[in-house]
Each structure stands twice: as C-alpha cells, then as structure tokens.
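In: I'll drop the sequence and a predicted model, then ask my questions.
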Amino acid sequence: MATSIVSPRVLDEFGATRREHEYGFAIALVTALTVVAVVIGGYHPYAEDGGLYMAGIKHLLDPAFYPRETGFVTEHLRFSLFAPLVAGLTRVLHLRLETVLLILHVASFWATLFAAWLLAVQCFVSRSARAGAVGLLAVWMTMPIAGTALMLMDPYVTARSVSTPCALIALVGALGFFSPSQERDWHDLAWCCGGLLAGAAMHPLMAADALACVLVLGCVTAASWRIRVWGTAGLCVAAVGIAAGIYRLAPVDGAAYRSVAATRRYWFLSQWHWYEVIGLVAPLLILAGISFGRRRHGDAVRAALARMAVACGVTAVIVAILFARVASTSYLVARLQPLRVFQLVYVVMILMLGAGLAERVLRRQPLRWLAALLVLGGTMLVAARRTYPDSAHIELPGKTPSNRWEQAFVWISRNTPKDALFATDAHYISEPGEDAQCFRAIAERSVLPDYSKDGGEASITPSLTEAWARGEQADTGLSRETDGERMAALGPLGVTWVVLNRGARTGFECDYANEAVKVCRLP
C-alpha cells in the first residue's frame with residue numbers, strides 16, 4: 001500500500017489556504033449580491049414601519065420633537081435596544097441619522113446574505129449550489145411572507161433588519177453544534193447563543209421564533225430516532241400548550257381594544273385572501289418534499305433543516321387557527337403573531353430552491369445564470385416599483401424627494417413650530433401618490449393618530465387605545481369636511497395645522513400647496 005509523502009502540517013496549510021480562498025469568494029459574492037438586492041428592492045427610509053422607527057430615534061436624539069401624542073413615537077421602543085443603538089451610532093459617528101440608517105440598511109442586507117451563505121455551506125457541497133441558494137435569496141430579498149404583513153427584508157431599516165441575520169447565525173451555530181456527523185464544537189454553541197441574544201436585544205418576538213427553530217433543530221438532527229420523533233413532537237405540543245395557557249390566563253379584552261385589534265386583519269387567518277393562504281401552504285409542501293423525498297449521500301443536513309421549518313410552520317398555523325381568532329375573548333396570542341416564524345421558513349425554502357435551480361438547471365452555464373437573474377430580478381424590480389410608484393426607487397439622504405407628499409412634509413419640518421400639533425386624514429397613508437410615507441418621520445411634528453400605522457401601534461400597546469380612537473375619529477374624512485366640521489372636531493384637541501388633499505375646499509390660510517396636498521393653519 002502506498003503511503004502519503006505529504007506531511008500533516010502541509011495538509012493543514014493547504015486546508016487553511018482553501019478555506020481562506022472560499023471565504024474570499026463568499027465575501028466577494030455576497031458583496032455583489034448585496035448591491036443586486038438593494039437595487040432590486042429599493043430603499044424607502046421613511047415608509048411604513050421604517051418611518052415609525054425613525055421617528056422614535058429622532059425623539060431620542062432631540063426630546064423636543066413630538067411633544068404631543070408622544071406614546072405613538074416611543075411605546076414600540078420599550079422592549080428593544082435598536083433605537084438607542086442607532087441614536088448612539090449617530091452621535092458617535094457625527095453623521096446625519098439618514099446616512100447612518102442607509103449604512104445600516106446595506107450592512108443588514110450584507111449580513112443576512114453572508115449568514116445565508118454560512119447556512120448553505122452546512123447544507124450543500126458544491127460552490128454552485130451555495131451560490132444559487134444565496135443568489136435566489138438576494139433576488140427575492142423583499143418578497144412578502146404570505147399574509148403576515150412582513151417581508152423577508154424590508155426596503156427600510158427596522159429592528160427586524162438586525163434580528164434577521166442574528167437568527168440565521170443562530171441556525172448556523174445550531175447546525176454545527178447538533179450535527180451528529182462531527183464532534184461538538186463549543187464555538188458553534190457560542191455563535192448560536194450569541195445570535196439569539198443579539199436578536200433578542202433588537203426584536204424579542206423574532207428572537208423567540210428563532211429560539212423555537214433552534215430547539216426543534218436540535219431534536220431533528222439527533223442520532224436517536226426517538227429524540228427525532230418524540231422530541232420534535234413534544235416541542236410542538238408544548239408550543240401549542242403554552243399558547244393555550246396564554247389564551248386561558250389572559251384577561252378578556254374590552255370592546256374599545258377589540259375594535260382596534262380587529263383592524264389588523266393579518267393577525268387572523270380567517271380574514272386572509274386565498275392566495276395569502278397558499279403562501280403558507282406552498283412552502284410547507286415544498287419543504288416536506290425535501291424532508292421526506294429520496295435523499296443522496298450528504299443530504300441529511302438539508303433534510304433536517306427542512307423538517308425543522310415544516311415542524312415550526314405547521315405548529316404556528318395550528319396555534320393561529322386555535323387561538324388567534326376574531327371571535328376570541330382575548331387577542332393576546334394574536335398580538336404575538338405566531339405566523340411570523342414563516343420568515344425563517346421562507347428563508348429555508350428559498351435556499352433549497354436556489355440550490356436546486358443551480359444544480360439542475362443553471363449548472364455552469366453563465367448565460368443561464370444571467371437569464372435567471374434578469375427574469376427573476378426583473379419581476380421583483382417591477383413589483384418593488386409598483387409598491388412605491390411615486391417615490392424615488394432608492395431615496396438617498398439629502399436628495400430632494402420626488403414624492404409630492406414628502407415634499408410637503410419636508411416643508412413642514414422647516415417652516416412650522418416644533419410644538420405644533422397637526423391633523424391629517426386618518427387614511428392619508430393610503431392616498432394615491434402617498435406611498436405609505438410616514439408624516440412624523442419626515443415632518444418631525446406631532447400629529448393626531450392615523451388609522452394604519454398608529455392603529456398598529458395601538459393594537460400591540462393597548463394603553464394607546466383611547467388616544468388612538470379619539471384622534472382617528474377626529475381626523476377621519478378630514479379633506480371631505482367643511483371648515484366648521486374640522487374646527488369642531490380638531491379645536492378641542494389643540495390642533496393648530498392641518499394637511500389636506502389639494503382638492504379639499506377650505507377658507508383656512510394655506511401656507512404651502514403642491515399638486516397633491518396643501519398645508520393650512522387653523523384660525
């Protein structure tokens with residue numbers, strides 16, 4: 001028998017060189033894909049939840065902002081270190097908040113894709129499969145997650161932007177630690193725990209979902225079939241039991257809060273559209289096929305990851321059906337939004353699909369890869385543009401906004417007193433051309449609560465219910481009312497300025513107007 005003439009030291013050096021080369025390739029690929037993902041998904045820092053978080057950070061940087069209706073700016077920050085972290089970075093770096101948020105946006109995309117690459121390394125041997133997995137995730141980065149009102153990654157910065165890569169890092173560490181094919185490495189456990197702790201500091205609910213996935217993953221990767229079967233089943237039953245206990249022990253919600261919570265239709269499966277339900281079922285079927293289909297040598301890790309996603313997804317659906325119902329006496333379980341675990345289910349599904357696409361269709365054909373990027377990326381780009389059709393696709397700091405509503409809000413920030421109290425129509429965020437741009441984040445002024453985003457704040461913070469109901473009732477239909485009706489509704493609340501549609505009839509003095517909106521003083 002021939003003996004090797006290569007020393008172990010040379011083999012170790014060769015392995016280290018190869019690992020460095022692989023990491024170099026991964027960093028280059030992820031950096032390129034980050035650019036692709038940002039270009040496809042766009043960037044809208046003031047839109048939707050991005051505007052809510054930005055307003056909260058601005059209040060931390062300057063407490064003089066938002067002296068009225070302050071709860072809608074600060075309450076959602078109580079359980080997260082995200083806003084203090086961003087405010088601290090802004091002070092330390094001596095940069096504009098908008099610049100810091102843009103840096104964080106790009107960094108969060110990069111970190112998510114790099115964590116996904118590390119997860120793909122655990123599941124796939126070939127570099128092309130890993131590249132396909134991460135490439136598809138980059139292209140589908142802003143994909144909606146069924147009817148949960150979440151995206152995989154938002155086109156703006158929130159606490160989820162940081163908690164998502166932390167959750168993926170936790171899964172990477174868990175796979176390395178629990179894998180029966182290799183020795184226990186306590187560094188992997190440290191990565192897993194570190195990812196969970198960092199995620200919890202940013203977004204406790206999303207970190208709880210990640211913890212559940214890690215625990216199930218520990219069972220489905222066990223060497224003993226009893227642990228794989230009964231351990232996994234036990235964890236799923238325990239999750240349902242905990243939800244049942246929360247439901248039974250929670251106090252009965254009052255009628256006022258129930259009216260607020262009922263506006264969050266995405267909490268309740270019974271109110272979803274049929275195509276949103278398919279968005280739950282299809283990933284579970286795809287992953288079930290991967291879990292229990294014919295497997296080749298080396299497929300055990302990816303099958304275990306798929307089984308974990310199926311188990312967690314099915315359990316979340318059961319919990320939602322049983323305890324997150326419109327007719328429930330308590331909406332506490334619904335408020336916890338168990339279906340948010342599908343963010344990780346979608347990530348696993350996309351990685352599996354991307355690797356399969358690369359191995360079976362694209363292979364080593366550059367033209368096929370380019371065609372796939374153009375077709376899949378082009379489709380997502382069109383969808384992104386249709387979501388924010390009247391705003392710049394990438395809204396850079398310091399650039400004059402093209403959106404007419406944003407222009408009005410910027411004027412307000414520069415030409416009205418900091419202690420002014422504004423009123424907008426309760427449904428202003430859904431007006432044509434508004435593009436869900438958040439008034440507070442841009443105008444930096446207090447405003448009566450609206451139906452959409454402030455309704456969401458009141459639904460997760462019941463103490464805001466009374467303030468939300470009072471404000472939302474006062475500014476509903478504002479642009480259709482007469483000046484007398486506006487004064488009767490807004491005067492007692494101390495409102496000093498109103499934002500009306502351009503076509504609204506009024507005798508108020510309007511200091512600013514453009515093609516979409518006008519800003520008027522109350523006498």
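Out: It's in. The model shown is predicted, which means the values in this text are computed figures rather than measured ones. Residues are numbered from 1 along each chain as shown.

In: For the protein, give me the ranges with low pLDDT.
Out: In the predicted model of the chain, residues 1-21, 180-184, 293-298 satisfy pLDDT under 70.

In: what domains does the record give for it?
Out: Following automatic domain parsing, the chain resolves into domains at 79-363, 404-521.

In: List just the one of the ones you listed that sits closest to residue 64.
Out: Closest to residue 64 of the domains of the chain, according to Cβ to Cβ: domain 404-521, at 5.4 Å. The C-beta positions use only the backbone N, C-alpha and C, and glycine is treated the same way.

In: CSV for the domains of the chain, including mean neighbour count and distance to residue 40?
Out: Listed next are these as CSV, based on neighbours: other Cβ atoms under 10 Å; distance: least, Cβ to Cβ, whole Å:
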stretch, mean neighbour count, distance to residue 40
domain 79-363, 19, 6
domain 404-521, 19, 18
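
In: Wasn't residue 498 part of a strand?
Out: Yes: Residue 498: assigned to a strand according to DSSP: H, G, I helix; E, B strand; the rest coil.

In: Tell me which of the domains of the chain sits nearest to residue 52.
Out: Proximity to residue 52 (Cβ to Cβ) singles out domain 404-521 among the domains of the chain, at 5.9 Å.

In: Pull up the distance across the closest one, start to finish.
Out: Length of domain 404-521, first residue to last, Cα to Cα, to the nearest Å: 19 Å.

In: Can you get me the centre-to-centre distance for that domain and its chain?
Out: 26 Å (Cα atoms, centre = their mean, to the nearest Å).

In: re the thing from before, put together a markdown table for the domains of the chain, with distance to residue 68 on each row.
Out: What follows is those, written out as a markdown table (distance: least, Cβ to Cβ, whole Å):
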| stretch | distance to residue 68 |
| --- | --- |
| domain 79-363 | 20 |
| domain 404-521 | 4 |
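
In: nearest to residue 22, of these?
Out: In terms of Cβ to Cβ, the element of the domains of the chain nearest to residue 22 is domain 79-363, at 7.8 Å.

In: to the chain's geometric centre, what's the distance from the closest one?
Out: Counting by Cα atoms, centre = their mean, domain 79-363 comes out at 11 Å from the chain centroid.

In: would you list every one of the strands in the protein?
Out: Under the criterion DSSP state E, strands of the chain are mapped to 421-424, 446-447, 497-501, 510-513, 517-521.

In: and the fourth one, what does it pack onto?
Out: Right, strand 510-513. Strand 510-513 is packed against helix 404-415, strand 517-521, with contacts defined by 3 or more Cβ pairs under 8 Å, 6 or more residues apart in numbering; DSSP states H and E.

In: how about 6 Å then?
Out: With contacts defined as 3 or more Cβ pairs under 6 Å, 6 or more residues apart in numbering; DSSP states H and E, strand 510-513 has these neighbours: strand 517-521.

In: who touches the strand it packs on?
Out: For strand 517-521, the surrounding residues in contact (Cβ atoms under 6 Å, 6 or more residues apart in numbering) are 405, 408, 497-500, 502, 506, 508-512.

In: repeat that with 8 Å
Out: 404-405, 408, 411-412, 416, 496-502, 504, 506, 508-513 (Cβ atoms under 8 Å, 6 or more residues apart in numbering).

In: ok and it relative to strand 497-501, angle-wise?
Out: Strand 517-521 and strand 497-501 meet at an angle of 150 degrees, taking axes from the mean of the first three to the mean of the last three Cα atoms, to 10 degrees as the criterion.

In: Strand 517-521 pairs with which strands, parallel or anti?
Out: According to DSSP bridges, strand 517-521 forms sheet pairs with strand 497-501 (antiparallel), strand 510-513 (antiparallel).

In: want to throw the ones you listed into CSV with distance to residue 258?
Out: Converted to CSV, the strands paired with strand 517-521 look like this (distance: least, Cβ to Cβ, whole Å):
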stretch, distance to residue 258
strand 497-501, 30
strand 510-513, 39
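
In: before we move on, back to that, nearest to residue 80 among the strands of the chain would be which one?
Out: strand 446-447 (22.4 Å).

In: Return the list of helices and strands in contact with the closest one.
Out: So strand 446-447, by 3+ Cβ pairs under 8 Å, 6+ apart, packs with strand 421-424, helix 439-443.

In: Try it again at 7 Å.
Out: Where contact means 3 or more Cβ pairs under 7 Å, 6 or more residues apart in numbering; DSSP states H and E, strand 446-447 is packed against strand 421-424.

In: Which strands or helices does the strand it packs on pack on?
Out: So strand 421-424, by 3+ Cβ pairs under 7 Å, 6+ apart, packs with strand 446-447, helix 465-475, strand 497-501.

In: so can I have JSON lines of these showing distance to residue 221?
Out: Listed next are these as JSON lines, based on distance: least, Cβ to Cβ, whole Å:
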{"stretch": "strand 446-447", "distance to residue 221": "51"}
{"stretch": "helix 465-475", "distance to residue 221": "45"}
{"stretch": "strand 497-501", "distance to residue 221": "55"}
